[in-house]
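*Asks:* test case, fold it:
(2 chains)
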Amino acid sequence: MKFWERLGSIDRRIIYLVLAVLVIVPLIATVKLPSKVRAMPRTKDIFDHVEAIDPNGQRKAMILSVDFDPQVEPELKPQMEAMVRHAFARDIPLIVLAMASIQGTDIGNEIVLRLAREHNKVYGKDYVLLGWKPGLVAVVLGLGNFIEQVFPTDYFGNRLSELPMMQDITNYNDVGLVGNFTGSSSYGYWVIYGYNEFGVPVAAGVTSVSVADLYPYLGSKQLIGMLAGMKGAAEYERLVKDRYYPNIDIELLGPNAFKVTVDEQTYDADDDDVTNLAHRFKLNEANLRQILEKENRFEKALPLLEFLDATPYTRQLIVEDIGKRFLEVKIEKQELPVDRAEMLMLADFYSVSASIIDTILRVEVQGLLKEVLGAKLQIQTADVTDLVIEEKVSEIMDKEFSIIFHQTPLLDTIADTLILEPSSEEKARQNLEQALKEVIRVSYPEAEISDSLAREVLSTELNDILKVKSKGRKRETEVSVERDIFLRGTQALPALSAALIVIIVFVIIGNVSFFVTRRRKK
Amino acid sequence: MLKRRIPLMLTLVLGIAMMIQFFIPHRYSQVIYDTSIEWYRIAYSFAFILGLSSFITHHWRKIRHKKEGWHYSPVALGAMIVMTVVGLIGLTPGMNWLPVNWQGQQVSVFTYLFRNFYNNMMVPLGATMFSVLAFYIASAAYRSFRAKSLISILLLSAAFVVMLSIIFYNVLPLGDIGEWVLSVPNMAAKRGIFLGASLAGIATSLKIILGIERGYLGGTK
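*Replies:* Below you'll find the model as predicted:
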């Protein structure tokens, strides 16, 4: 067989292999795009429409209809995430439901609940999950009359009338946009029965293969816009990121003087500018200032402000107990010694749930307490029941750091004097508490210490003792909190391009081979 | 006779009534409309019972008669039963039977199983099935996408332009040319198809309402 003929009959397994390699490599190597994704008009139209919702203070909601299965999740999930982020960033009330696909309920709920935690949104006040309802046409028509008639209860069984957000949202008159994410043609129901019948604006997020079908609706403005597959997701992500999640770097130059970098643009700023910046990008200004004021200590943290953009890579936030009150935070290659309050502040700043941090600390303290109660009070570890430990931990966690009480030498003294020989666990606890109470009374003779205050102080003290005792001991526990990937569509775009290039190249090869062999035969 | 006449009469009366209702903006007309929408939703739900019984019957027959590929049927039936049981029990509000620790929360073992089956089996299997399409498309395009005639040259060119516009989105004017192909020639062709299909839909609806088309009754005889 000659070369050209051979070129026209390449084994399909070779094509599969080339395609697989070229798609997998950009995903693993996280290839960066050479330039920013340019949003096409159909994508920009949706973004502009969402930006225009609620211009005069009239609170209008956004309905997202999640009508896709896991099969098309890679294309549609990034689209939906980008739109949910946009809605949350603009404080637009969000209603999420599924209509054409029962599996859309779980997919939609997972996305919204995760992003709601990230944006500190409250269920029932900022967003509502309605679940799935059969009926397609009937559902779209029913929502136009009275939402509660179609969904008397939400996904969790709460009555819609009892949810604060739904007090002002009755039907499509209170809805600014319906976003339909679908791998089928369910957008047609929203167009025909939602837009044509009630005039509610509809946007669609569809897979690449369906894109061509939507143009008649776009041309007639029955759809205000469309997100087309992975590319559409990447375009919307870019628009949302540029507007609400840019890379921000703030450097404190001196009193009332900052150098601010937003994406690649650098400018000098004063106090007011920082306030505006915080307001515009919904940063916690108090936290921002606290970090800036601690310039020396948080010097290394300043470049970490870039994390606000939640860049497309998975990050690790490692919290390590280094004894006393101090924890060590490792983010990528940077290490910061922080106390718990600062840890929580950072957690808030980086949108890591404080409850996760609490869980981490709880586990830490629980282990430590068990160890110390066992060794120090000379009782068997097995005798320290989980209930006792849990009680003590709750006590400590609830009251910890509620009173500022830093007296390290005092704590060392207490620790050293606590050589007790208890006959029982209960006795040991009483002795411990009594000893601590005495020390407090001696240290603060002028203070009238009520029982509740004493209990509070005790909790703090006990925790400090435990921390003192752990001083110098290398903790082995490391807890990682994996951050989620943000720009899913953008990240996958190089792989999509690679797949298309493979198809184009092989089609060209096939055609060249076809023409050459045909000419030779003639 | 009644078996056929009653459904035909109902279709005729309700079909015409709902057409007329659309043009009457009166309160009573709206009440009829709202009620019919609710009935529609209820009736729609029964389709699931039909689907379920059809699914079970189909696979049961396959197993019984040992038809080709019958050994997949027990898997399908088993998966359906398991998911139904764990789903019904596990997703009941307030359910906490046999609690296990899952993602830092105490949940019922049924909830745990349902979530795990769904997230770790259903999702990856579904995504894999769809992803495989890319390989078939690449192979099929290589074998059969040939510029043999003017029409196939046009098709090939349009496909190349659209694909290149996705890859080189920022290289002007490629992105814009791709958008033009979709929003002008593509839209013109699609509109024609849609109009034709819609007119055919109206004609078919009228045939059903007037009792000319009786396929939905289970045959025309």
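*Asks:* how about the closest residue to B:I167 other than its chain neighbours, secondary structure?
*Replies:* Once flanking residues are discounted, B:I167 sits nearest to A:S497: 4.4 Å by CB to CB, 6 or more residues apart in numbering or on different chains. All C-beta atoms are positioned from the backbone trio N, CA, C, and that covers glycine. At A:S497 the chain is in helix, as set by DSSP: H, G, I helix; E, B strand; the rest coil.
*Asks:* touching chain A at all, stretch B:141-150?
*Replies:* Yes. Applying CB under 8 Å from any CB of the partner chain, one finds stretch B:141-150 touching chain A at B:141-143, B:145-147.
*Asks:* may I see the PyMOL selection of the buried members of those?
*Replies:* In PyMOL, this line selects whichever of the residues of stretch B:141-150 next to chain A come out buried by 16 or more other CB atoms under 10 Å in any protein chain shown:
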select buried, chain B and resi 141+142+143+145+146+147
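*Asks:* out of the residues of stretch B:141-150 next to chain A, who's nearest B:A79?
*Replies:* B:A141 (34.2 Å; CB to CB).
*Asks:* what lies in contact with stretch A:16-28?
*Replies:* With CB atoms under 8 Å, 6 or more residues apart in numbering or on different chains as the test, stretch A:16-28 has contacts from A:31, A:491-492, A:494-495, A:498-499, A:501-502, B:134-135, B:138-139.
*Asks:* still on that earlier bit, among the residues of stretch B:141-150 next to chain A, which ones are in helices?
*Replies:* Counted as lying in helices by DSSP state H, out of these, are B:141-143.
*Asks:* still on that earlier bit, number of residues surrounding the residue nearest to B:I167?
*Replies:* Neighbour count for A:S497, taken as other CB atoms under 10 Å in any protein chain shown: 23.
*Asks:* for it, give its distance to A:Y236.
*Replies:* Remark: distance between A:S497 and A:Y236 (CB to CB, to the nearest Å) = 18 Å.
*Asks:* same question for B:R115.
*Replies:* For B:R115, the distance to A:Y236 - CB to CB - is 29 Å.
*Asks:* neighbour count for those two, which is higher?
*Replies:* A:Y236 (30 against 19).
*Asks:* number of residues surrounding the closest residue to the more buried one other than its chain neighbours?
*Replies:* For A:Y236, ignoring the flanking residues on the chain, the nearest one in space by CB to CB, 6+ apart is A:A82 at 4.2 Å. Neighbour count for A:A82, taken as other CB under 10 Å: 30.
*Asks:* for A:A82, what are its contacts?
*Replies:* A:233, A:236-237, A:240, A:489.
*Asks:* in a markdown table, list those along with secondary structure and pLDDT.
*Replies:* Converted to a markdown table, those look like this (DSSP: H, G, I helix; E, B strand; the rest coil; pLDDT from 0 to 100):
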| residue | secondary structure | pLDDT |
| --- | --- | --- |
| A:A233 | helix | 93 |
| A:Y236 | helix | 93 |
| A:E237 | helix | 90 |
| A:V240 | helix | 87 |
| A:G489 | helix | 79 |
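*Asks:* quick one, which of the residues you listed are buried?
*Replies:* A:233, A:236-237, A:240, A:489.
*Asks:* residue 216: neighbour count?
*Replies:* Since no chain was named, I'll use chain A. 21.
*Asks:* right idea, wrong chain: chain B
*Replies:* Residues lying near B:Y216 (other CB under 10 Å) number 9.
*Asks:* pretty sure it contacts B:I208?
*Replies:* Yes. Applying CB atoms under 8 Å, one finds B:Y216 in contact with B:I208, separated by 6.7 Å.
*Asks:* tabulate the contacts of A:A82 (a markdown table), appending distance to A:Y172.
*Replies:* Compiled in a markdown table, the contacts of A:A82 are given as follows (distance: CB to CB, whole Å):
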| residue | distance to A:Y172 |
| --- | --- |
| A:A233 | 26 |
| A:Y236 | 23 |
| A:E237 | 28 |
| A:V240 | 25 |
| A:G489 | 29 |
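*Asks:* let me know the closest of those to A:L136.
*Replies:* Looking across those and measuring by CB to CB, the closest to A:L136 is A:A233, at 25.0 Å.
*Asks:* contacts only, for the closest one.
*Replies:* Counting by CB under 8 Å, 6+ apart, the residues that A:A233 touches are A:75-76, A:78-79, A:81-82, A:205, A:227, A:488-490.
*Asks:* ok, 7 Å please
*Replies:* A:78-79, A:82, A:227, A:488-489 (CB atoms under 7 Å, 6 or more residues apart in numbering or on different chains).
*Asks:* go on, A:Y193?
*Replies:* A:137, A:140-141.
*Asks:* between the residues you listed, which has the most around it?
*Replies:* Sorting these by how many neighbours each has (other CB under 10 Å) puts A:V140 first, at 28 neighbours.
*Asks:* doesn't A:G179 belong to a strand?
*Replies:* Yes. Applying three-state DSSP, one finds A:G179 inside a strand.
*Asks:* report pLDDT for it.
*Replies:* On the pLDDT scale, A:G179 is placed at 97.
*Asks:* show the low-confidence segments of chain B, by residue range.
*Replies:* B:1, B:103-104, B:171-172, B:219-221 (pLDDT under 70).
*Asks:* so where's the stretch 51-200 of chain A uncertain?
*Replies:* A:55-57.
*Asks:* so A:D174 makes contact with A:K60?
*Replies:* Yes. A:D174 sits in contact with A:K60 when judged by CB atoms under 7 Å, with a separation of 6.0 Å.
*Asks:* what is the distance between the longest helix seen in chain B and the centre of its chain?
*Replies:* Using DSSP H, we find that the single longest helix of chain B is helix B:27-64. Using CA atoms, centre = their mean, to the nearest Å, the distance from the centre of helix B:27-64 to the centre of the chain it belongs to is 15 Å.
*Asks:* so B:F135 versus chain A, what's the distance?
*Replies:* 5 Å (CB to the nearest CB, to the nearest Å).
*Asks:* shouldn't that residue be within a strand?
*Replies:* No. Checked against three-state DSSP, B:F135 lies outside a strand; its state is helix.
*Asks:* which residue, other than its chain neighbours, is closest to it?
*Replies:* Using CB to CB, 6+ apart and skipping the chain neighbours, the partner closest in space to B:F135 is A:Y16 (4.9 Å).
*Asks:* now the element after the host helix or strand of the one you found, going C-ward?
*Replies:* For A:Y16, the host element (DSSP states H and E) is helix A:12-28. Following helix A:12-28 in sequence order, the next helix or strand is helix A:41-52 (DSSP H and E).
*Asks:* I appreciate the help and will end here.
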